[in-house]
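K.L.:
Here you go, sequence then predicted model.
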Amino acid sequence: MFAAENGLKGDPRLQAISDAIRVIPHFPKPGIMFQDITTLLLNHKVFKDTVDIFVDRYKDMGISVVAGIEARGFMFGPSIALAIGAKFVPLRKRGKLPGKVVCEAYELEYGKDCLEMHVGAVEKGEKAVVVDDLVATGGTLRAAIKLLECMGAEVVECACVIGLPELKGQNRLNGTPLYVLVEPTILENCC
């Protein structure tokens with residue numbers, strides 16, 4: 001579900017978020033229109049508005065875990081976790097976490113990868129939200145959901161700044177709700 005469909009229609013913060021995202025054509029490979037949120041992070045007001053929208057959504061849901069997907073989920077997740085009084089759990093690429101981990105392999109639109117999480121990072125029955133910058137095919141979010149659920153957590157929702165509805169990533173989440181702030185920025189007269 002897009003934020004505009006859920007009470008934020010016409011909210012100027014959503015347009016500012018969309019405007020702050022830079023598009024890099026053909027990155028990381030030809031045909032990909034990379035949605036670069038680093039330019040959003042450079043604008044402190046837009047960055048704060050992005051976090052605030054998520055905080056407003058999750059502050060009264062009893063969330064005890066905010067799980068951020070490496071690497072761009074790390075940019076929003078900790079701020080959301082602090083604001084709602086939850087712990088932040090990093091979901092990292094293979095080999096980046098010390099100690100005992102659980103792993104979930106997944107496919108993305110331009111390759112394969114694996115997410116890992118520390119064993120014991122979440123407890124059975126904890127309510128979690130998964131945060132990332134963008135949802136495309138939904139493979140990464142699905143892997144994150146599986147990791148959290150295998151440790152007994154309940155994934156309440158996935159939260160992304162950008163959603164690519166034409167790739168139908170929502171369909172891969174097996175019923176887990178998806179909350180997205182904006183659609184991708186489209187370059188006019190590109191390529």
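P.N.:
It's in. Remember, it's a predicted structure, so these values are computed and weren't measured experimentally.
K.L.:
Could you tell me the per-residue confidence at the residue most central in space within the chain?
P.N.:
Nearest to the geometric centre of the chain sits residue 132, at 1.7 Å (C-alpha atoms, centre = their mean). With respect to pLDDT, residue 132 scores 97.
K.L.:
Could you pull up the contacting residues of residue 49?
P.N.:
By C-beta atoms under 8 Å, 6 or more residues apart in numbering, the contact list for residue 49 reads 13, 16-17. For every residue, glycine as well, the C-beta is placed using N, CA and C.
K.L.:
Is it within a helix or a strand, and which one?
P.N.:
Using DSSP states H and E, residue 49 sits in helix 44-58.
K.L.:
hey, C-alpha coordinates of that helix in CSV?
P.N.:
Once non-C-alpha atoms are left out, helix 44-58 reads as follows in CSV (Å, rounded to 0.1, in the frame of the first residue of the first chain):
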residue,chain,number,x,y,z
HIS,A,44,18.0,17.0,6.4
LYS,A,45,14.4,18.1,6.3
VAL,A,46,13.4,15.5,3.7
PHE,A,47,15.4,12.8,5.5
LYS,A,48,13.6,13.7,8.8
ASP,A,49,10.2,13.7,7.1
THR,A,50,10.9,10.3,5.6
VAL,A,51,11.7,8.9,9.1
ASP,A,52,8.8,10.8,10.7
ILE,A,53,6.2,9.2,8.3
PHE,A,54,7.4,5.7,9.3
VAL,A,55,7.5,6.6,13.0
ASP,A,56,4.0,7.9,12.9
ARG,A,57,2.9,4.7,11.3
TYR,A,58,4.6,2.3,13.7
